[in-house]
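Q: could you work out the structure for the sequence below:
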Amino acid sequence: MKIRTIKLREAHKNGENGGNSFCSILWDQQGDRIVTASSSDPSIWVHDAQFPSVNPKSIKHHRDGVTALALSPNFTCLASGSIDHSVKLYKFPGGEFETNITRFTLPIRALAFNKSGTMLAAAGDDEGIKLINTIDGSIARVLKGHKGSITGLAFDPKSEYFASVDSTGTVIHWELQPGTILNTLKGIAPATFSDQSAMNMLSWSPDGDLLAVPGLKNDVVMYDRDTAEKLFSLRGDHVQPICFLSWSPNGRYMATSGSDRQIIIWDVDKKQDIDRQKFSDRISCMAWKPHGNALAVIDSKGKYGVWESPVPSSMKSPTEDIPNVRSNGLLLFDEDEEEASASGSLSDLGEDSLGEPELSSRKRLRKNSTLDDSWGEDINDELDLHPKVESHKKASKSKKDSIDHEKHEIKNSMTYSAPKMQEAFQPGATPVQPGKRRFLCYNMLGSVTSMDHDGYSHIEIDFHDTSSGPRVPAMTDYFGFTMASLNENGSVFANPCKGEKNMSTLMYRPFSSWASNSEWSMRLEEEEVRAVALGTTWVAAATSLNFLRIFSDSGLQRYILSLDGPVVTLVGLKDELAVVTHSSPALPSDGQMLEFRVLNVRSATESLRGRLPLTPGSYLTWFGFSEEGQLGSFDSKGVLRVYTNQYGGSWFPVFSSSKLKKPDENYWVVGLNATKLFCVVCKSPYSFPQATPKPILTLLDLSFPLAASDLGAENLENEFILNNMHLHQIQKRIEENAAAGRDTASIDDEAFTIEAALDRCILRLIASCCNGDKLVRATELVKLLSMEKSVKGAIKLVTALKLPNLAERFSTILEERMSNEAMGSTVLHGNFKFDAPVQADDVFQRPSLPESSTEKAVLPFPPQRSSTPSFPKEEKTEQPPNAGNGIVEPTRALRVGKTVEVKNAGEAKDVKEAINPVKKQPEEIPVSFNRPSNPFAKKSNRQEHSSLFDSIKKMKTDATGKR
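A: You can find the predicted model right below:
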C-alpha cells in the first residue's frame, strides 16, 4: 500500500509549554469552508477551503479555549462549547453571535445536534447531559447516569435513541422520548481520565443501524441499535487506542485515528482497511467532505489539512448513495402548552438547574428567517407523533409521508451551488496566524510586518537596502490593520469594518515632510476597504461598495470612481494605478472572470483595459508592475504572465512552475524584471512564507512554456521570444517619448543593446538549425537579423560548416536587402541595422587542433567538401583587429549539440581557416543608399563604420548642394 505524505498548515497555537490540545474540525454544506477550534485557543476560525491563502474569518466570543463544535443539519447555525463553561450559538457562515444558549458549572466537552436541528445536546465535566430546544433556548431534559466526564454524544439519525460515552469508557444507550436508560455498557471504551487532549467518542452509522465505539483492543466495535449487542469489530494495524472515528456520508467507509498517529480508512462491509496515512502528531478530529472524496483532519498541535482521495478512485465514492433516513421526529416539548412570558426568547434565556428534569413549559418562538422548510416539516411531524411513537420496529409511515419525503430529498439534491468568486487580496500580504508575526506588505522595496498583542498590534517597516531607505520608527496599531502598501515616499494602512459603528479606517504615513503633522487618516462607515495602493503623489483604496477612492498624499479627496465589479486587488507605480475587478460571476468550472484597468492618476485618463487571463480552475495570487513598468500576474497554478502591446494587447506566459517539475514547492511572488522572477520558495502545503526569520528571495529565469523542440534548443528559442518581446516594448516607449517631445537617447541605447543580443541569439539558432539539418528554418532566421555584420557572420558560419547552397542563399538575401534599401523601398523582413558588429565568438569557438596529422580532432561541425559561394566585392580598408569583419577572434564555445571527428590535419586546416579568418582584412561594400527610419538606430563614433543611414543622409546633402 502506497504511503502518501500530507502536509498540515497551522490554524491554532499549541497548548501550554507546547503541549497537546483537543482540536475540532467541520465542513460546511458545500465543502467551501472548514471550521476549526482548539482547547488552547478561544477563537474559532473559518477557513476558505478553495483559497487557503485567504485570511480566515475569526469568531471570538469565548474567554477560554473552545473544546467542542457542532453545526446544525441545515448548516445555518454553529454551536460552540468552551472551558469557560458556556455554550454559544452563531449564525453560519457569517459568524454573527446569536446567544449564550446555556451554561454549566464545569468545562464543556461535547455537543451534538439532532437530525432536524431543533435540539442540541451539551455535556462536559458536569454529571448531566442537557437537551436544549434550539427554537426558544429552553432545556427540555437533563439526562443523568454517567460517573465521569462526558466526552461524546450522538443522536440516532431516526431520532429514537441517544448515546453517550464518558472518560471511564462507559457507554449509555438512552431511549430519547422518555429519557430512560436502555443499556449501560461499562468499560467497553478506553479510559482517558485526565488526558483532555484525547477524548472518547462514538457515532451512529448514517442509516442508524449501527453504533460505533472505540474498543479496548485498538479496534472499533459495532453495536446493534436496538439491543446494544456487539455485532462485529474493525481491527487492523492500529497499535494504540483509537481516539476518533468518522463515518463517510454514505456509511460505506469509516476513518479512524489512533494515538499511534495514523489514520486508517476502512471498508465497513468487508471489514478491512483500504488505505492509511501517518502523521507527526496525533489526529484529534476528522470530517468527511459532504461532496466528493476528501477528509479534513486536525492534529493535537492545531494544524489542519485535507486528505484528498482517501478512498481509492477504483472504489465507490464515499458520497455516493447516501441513505435517506426518515426521522421519527421526537421532541421533548409541545407547542400546545401554555404561552411563555417574554423572557422565553433567545435574547433573554434563563438557565435551568442540572437537577430539573421536568419538561419546559415555555412556548417555542417561530423564526421563519432562520428556519428552512425542512425544519418546519420535521417540527410538524414531531408534534403529530408525540407521544405515540414506539420502537422503530413497530413504527410505520404512510404512503403520503413517503412521497412527500422523496420529493423533499429530490429538491435538496437538485440544489445548485454557484461557483465562488475570488475575494479581494493585498499583494505581498500573508494570512493571519495566531501568535505569529505576519506580512501586511512585502515588495521589491521592503516589507511591513505586524505582530498581534492583547488589544493592539506592533507594526514595523523595513527596507531591503538599508543604506538607501529611510529609517522608519515602529508603530503601535490600535486599529487592527490587515493590509498595507509601501513605496519610497510613505506607507498606507487599512483595516476591515469593526466596532459598534462598523467603520473601516484608511491611514497614510509619509516618511518625510516639511510639516510636522503630515500623517492623515479617513474613516469609512458601513464601507470596508478591500485593497490599497500607493503612487508618487496619491493614495488609492477600493471598497466593498465597488468604489475606488483616490486621495492626494496630503489627504485631499480627489476622485471617487465606481468600479464595474467587486475589486480583486490594486497596485500602483508612479502615476499609474492598476485595478483588477470581477467582470462576471465565476464559471461553473471555478474559473474566475477578471478584468484589469490601468489609470493615469496625474492626467485622469485610462491607458489600458482588458480581460485578465488565468489558468483554468485557478485564481489570482499576485499582481503588480515589473521594474521596467510592465504589468504582470501570477495565478495559483504557478503561471506568470506579462502584458505586452503586441497583437493589440496580449498577456504572454513567461513562466510556468510545472516546467520546473517540483510539485513540493510553491512560489510566493514578490516582483519581476525583464529576465528574472523574484519569489520566495515555500514547501508544500504552505503557499506563503513566515515573517520570522526573514524569507530569502529566490531568482528564477523567465521561461516560456514552450513545446519540446525538434532541435533541443528550447533555451535559445525562449531567449529569442523574450528579446523580441522586450524589443517591441522598448520600441513602443520610444514612440511614446518621441510623440511627447522627450529625449529618447537612453532608451535608444537600451534598444541597441537588446537588438545586438537578439542577433547573437538568432545566430546561435542558425547554428543549431544547420547542425540539425533544418535549412529552411535557418533561412527564415537569417531574414530576422537586423545588422549587416550579423548577416555576414551568418554567411561565414554556414561557409565554415561547408553548406554552400545555404551560404549562397544568405548572400542573396543580403544583396536583396541592400538593393531594396538603395531603392528606398520598405525592408520586407525586419528592421536592418548596419552599424554595429555581432561578435562571432558568441556563436562558436575555434576548436583546438592537434599538431600531429595522425591525431583525431573533434570539431563542432561535420566537414563537407565544396566550394564557397561568391560574395559581393568589398573594398579593402584598414580596420582594427576584431572589428567589422563579421567574425572576431573566437574565444567561446560553439553552442550547438553535435560534434564530429576530423580525420586529418589537412581537413582541420580548411575548417580552421573558414571559422577564423581574422588575419584577412575584409572588404567593405561601397553602398551609399538610404533606408527606412529605424527607431533603434545607434550612431557609430568611428567613421570607418558609418551606416547606410548616414551615407544616404550625406548623399542627399550633396545632391541638394549641387542644385
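Q: which other helices and strands contact the host helix or strand of Ala578?
A: Assigned by DSSP states H and E, Ala578 belongs to strand 576-584. With contacts taken as 3 or more CB pairs under 8 Å, 6 or more residues apart in numbering; DSSP states H and E, strand 576-584 sits against strand 538-543, strand 567-573, strand 593-600, strand 605-612, strand 620-625. For glycine as for every other residue, the C-beta is placed from the backbone atoms N, C-alpha and C.
Q: export the ones you listed as a markdown table, with columns for mean pLDDT.
A: Output for the helices and strands packed on strand 576-584, formatted as a markdown table (pLDDT from 0 to 100):
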| stretch | mean pLDDT |
| --- | --- |
| strand 538-543 | 96 |
| strand 567-573 | 96 |
| strand 593-600 | 96 |
| strand 605-612 | 94 |
| strand 620-625 | 96 |
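Q: need these in CSV (columns: distance to Ala739 and mean neighbour count).
A: Listed next are these as CSV, based on distance: least, CB to CB, whole Å; neighbours: other CB atoms under 10 Å:
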stretch, distance to Ala739, mean neighbour count
strand 538-543, 25, 24
strand 567-573, 21, 24
strand 593-600, 15, 20
strand 605-612, 14, 14
strand 620-625, 22, 22
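Q: tell me which of these approaches Val325 most closely.
A: Among those, strand 593-600 comes nearest to Val325, with 40.3 Å by CB to CB.
Q: show me the contact partners of that closest one.
A: 422, 564-565, 568, 575-587, 605-612, 614, 620, 623, 631 (CB atoms under 8 Å, 6 or more residues apart in numbering).
Q: pLDDT below threshold where in the stretch 151-300 of the chain?
A: 194 (pLDDT under 70).
Q: just say helix, strand or coil for Val492.
A: Three-state assignment for Val492 (DSSP: H, G, I helix; E, B strand; the rest coil): strand.
Q: where does the stretch 751-900 of the chain dip in pLDDT?
A: Those would be 824-900, if you go by pLDDT under 70 across the stretch 751-900 of the chain.
Q: try it again with 50
A: 825-900 (pLDDT under 50).
Q: how far away is the closest residue to Asp299 other than its chain neighbours from His238?
A: Take Asp299 and drop its neighbours on the chain: the residue closest to it by CB to CB, 6 or more residues apart in numbering is Asp281, 4.1 Å away. To His238, Asp281 is 16 Å away according to CB to CB, to the nearest Å.
Q: those two: who's more crowded?
A: His238 (25 against 15; other CB atoms under 10 Å).
Q: surely that one touches Asp219?
A: Yes. Between His238 and Asp219 a contact is recorded at 7.2 Å, counting by CB atoms under 8 Å.
Q: show me the contacts for Asp41.
A: Per CB under 8 Å, 6+ apart, neighbours of Asp41: His12, Lys13, Ser21, Gly65, Val66, Gly302, Pro434.
Q: how about those residues in a markdown table, adding secondary structure and pLDDT?
A: Listed next are the contacts of Asp41 as a markdown table, based on DSSP: H, G, I helix; E, B strand; the rest coil; pLDDT from 0 to 100:
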| residue | secondary structure | pLDDT |
| --- | --- | --- |
| His12 | coil | 90 |
| Lys13 | coil | 84 |
| Ser21 | coil | 91 |
| Gly65 | coil | 93 |
| Val66 | strand | 95 |
| Gly302 | coil | 92 |
| Pro434 | coil | 77 |
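Q: most neighbours among these, which one is it?
A: Highest neighbour count within those, by other CB under 10 Å: Val66, with 31 neighbours.
Q: which residue packs closest to that one, ignoring adjacent ones?
A: Ala37 (3.8 Å).
Q: which residues does that neighbour contact?
A: His12, Cys23, Ser24, Ser43, Ile44, Trp45, Val66, Thr67, Ala68, Leu69, Ser80.
Q: out of these, which one has the lowest pLDDT?
A: Across those, the bottom pLDDT score, 90, is held by His12.
Q: for Gly302, see how far away that residue is.
A: Taken as CB to CB, the span from His12 to Gly302 is 3 Å.
Q: and if you look at Glu719?
A: In terms of CB to CB, Glu719 sits 48 Å off from Gly302.
Q: repeat that for Trp247.
A: For Trp247, the distance to Gly302 - CB to CB - is 25 Å.
Q: what do His12 and Gly302 both touch?
A: Ser21, Cys23, Thr36, Ser38, Ser40, Asp41.
Q: can I get the helices and strands packed on strand 576-584 in TSV with distance to Pro310?
A: Listed next are the helices and strands packed on strand 576-584 as TSV, based on distance: least, CB to CB, whole Å:
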stretch	distance to Pro310
strand 538-543	40
strand 567-573	33
strand 593-600	33
strand 605-612	36
strand 620-625	27
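Q: for Asp224, find the nearest of those strands.
A: strand 620-625 (52.1 Å).
Q: residue ranges with poor pLDDT in the stretch 301-450 of the chain?
A: Checking the stretch 301-450 of the chain against pLDDT under 50 turns up 329-400, 402-403, 405-416.
Q: helix or strand for the closest residue to Leu758 other than its chain neighbours, which one?
A: What sits nearest to Leu758 in space, not counting adjacent residues and going by CB to CB, 6+ apart, is Asn723, at 4.1 Å. Using DSSP H and E, Asn723 sits within helix 714-739.
Q: I'd like to know which elements the helix or strand just after that helix is packed against.
A: Next helix or strand after helix 714-739 toward the C-terminus (DSSP H and E): helix 745-771. When contacts are defined as 3+ CB pairs under 8 Å, 6+ apart, helix 745-771 packs onto helix 714-739, helix 775-782, helix 788-800.
Q: now the angle from helix 745-771 to helix 775-782?
A: On the basis of axes from the mean of the first three to the mean of the last three CA atoms, to 10 degrees, helix 745-771 is oriented at 170 degrees to helix 775-782.
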